[in-house]
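Q: Sharing a model prediction with you, sequence too.
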Amino acid sequence: MTVTPLSPSTSPILQEIVRQMRAADPYGTYRTWRDELLLKPFVVTKAQKRQISLEGEVDPAVRSRILIYYRAIAALIEKETGLLAQVVLDLNSEGFGWVLVFSGRLLLVVNTLRDAHRFGFESLEQLTEKATALIDKGIQLARIYPEVGRL
């Protein structure tokens, strides 16, 4: 049995992250970049995380990656349920905060963020696994309470 490596072409969440990154690029810089290159900053090993200082403000590029990750999750929930999903990110200067994905008055995803300076995943597989779990829970809530999502 051969194992197919995870790539943007085989994963809906990775495809959506790439789509969100290109959508957030006002100058078209990412237009010619390979998908794998766009996803590379989302992979941060434990050793790399130890090298990232927690002093000072969260880097705007990291803040943007966090927002893109959750917007991709919201987009996939929206695609599956038909409910408009929005993202709110509240992050303080020390890297603590929360993110909400909501539709109408329904909270689909609520996550607390710690050490946002070090946001990332050990691998694309881990990213996909965690995002898929959030998407599945969000879809489940949207199906249970569709009327709240339409308010």
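A: Nice, thanks for sending it over.
Q: C-alpha from now on. contacts and neighbour counts both.
A: OK.
Q: can you give me the end-to-end distance of stretch 40-53?
A: Terminal residues of stretch 40-53 lie 20 Å apart, using C-alpha to C-alpha, to the nearest Å.
Q: Now tell me what touches it from outside.
A: The contact list for stretch 40-53 (C-alpha atoms under 8 Å, 6 or more residues apart in numbering) reads 65, 117, 118, 119, 120, 121, 122, 123, 124, 127.
Q: Check this structure and tell me which residue is nearest its centre.
A: residue 69 (1.5 Å; C-alpha atoms, centre = their mean).
Q: one step back: only whichever of the contacts of stretch 40-53 are buried, select them in ChimeraX.
A: This is how ChimeraX selects the buried members of these, with burial counted by 16 or more other C-alpha atoms under 10 Å:
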select :65,117,118,119,120,121,124,127
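Q: just to revisit the earlier point, where's the residue nearest to the centre of the chain, which helix or strand?
A: Assigned by DSSP states H and E, residue 69 belongs to helix 60-81.
Q: Determine which two of the contacts of stretch 40-53 are furthest apart.
A: Greatest spatial distance among the contacts of stretch 40-53 (C-alpha to C-alpha): 117 and 124, at 18.7 Å.
Q: pLDDT score for residue 67?
A: pLDDT recorded at residue 67 is 97.
Q: Next, count neighbours for the closest residue to it other than its chain neighbours.
A: Excluding the flanking residues, the one nearest residue 67 by C-alpha to C-alpha, 6 or more residues apart in numbering is residue 89, at 6.9 Å. Residue 89: 16 surrounding residues under other C-alpha atoms under 10 Å.
Q: Tell me if residue 89 really is in a strand.
A: Yes - counting by DSSP: H, G, I helix; E, B strand; the rest coil, residue 89 is part of a strand.
Q: helices or strands up against the helix or strand hosting residue 38?
A: Assigned by DSSP H and E, residue 38 falls within helix 35-39. With contacts taken as 3 or more C-alpha pairs under 8 Å, 6 or more residues apart in numbering; DSSP states H and E, helix 35-39 sits against helix 12-23.
Q: can you do 6 Å?
A: Applying 3 or more C-alpha pairs under 6 Å, 6 or more residues apart in numbering; DSSP states H and E, we find helix 35-39 packed against no helix or strand.
Q: With that, I have no additional questions.
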